[in-house]
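>>> Give me coordinates for this.
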Amino acid sequence: MHNLIALIRDRRVLAYCGAACYNATTTECTCICNGMNHGAGRRAAVQNTRANAKRCAEAFVDAHPWAAASELRLSLPKAPNKTKLLF
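Below is the predicted model of the structure:
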């Protein structure tokens, strides 16, 4: 499964958004995207993640303070490199 976005701390994935979300056929989303990519398909999810990844991560950390001081990792196709942002 390919994760587009993940919050990582101490080598552990705390939250992510991947194929289970962007290919979903159900209505409930519990991942880091907060519904932005849910059922949207891979192409739309990649575009959404490129445009809104930091906002999604910030909203997740605001709602889940235990995730503070995490590293945000993006793994997007055709990106020049993987992006790392620290909170």
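>>> And the helix ranked longest in the chain, what's buried?
In the chain, taking DSSP state H as the definition, the longest helix is helix 42-63. Under the neighbour-count criterion of 16 or more other C-beta atoms under 10 Å, helix 42-63 has 45-46, 48-49, 52-53, 56-57, 60-61 buried. Where C-beta positions appear, they are placed from N, C-alpha and C, glycine not excepted.
>>> ok, now stretch 70-80?
By neighbour count with 16+ other C-beta under 10 Å, stretch 70-80 contains the buried residues 70-74, 76.
>>> How far does stretch 53-64 sit from its chain's centre?
Remark: stretch 53-64 is offset 9 Å from the chain centroid, using C-alpha atoms, centre = their mean, to the nearest Å.
>>> I'd like to know how many residues surround residue 38.
The local packing of residue 38 (other C-beta atoms under 10 Å) involves 21 other residues.
>>> In contact with residue 22, which residues?
Residues near residue 22 by C-beta atoms under 8 Å, 6 or more residues apart in numbering: 4, 37-42, 44-45.
>>> Turn these into CSV, columns for distance to residue 26 and pLDDT.
As requested, the contacts of residue 22 are exported to CSV (distance: C-beta to C-beta, whole Å; pLDDT from 0 to 100):
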residue, distance to residue 26, pLDDT
4, 18, 90
37, 13, 95
38, 8, 95
39, 8, 96
40, 13, 95
41, 15, 94
42, 17, 91
44, 17, 94
45, 15, 93
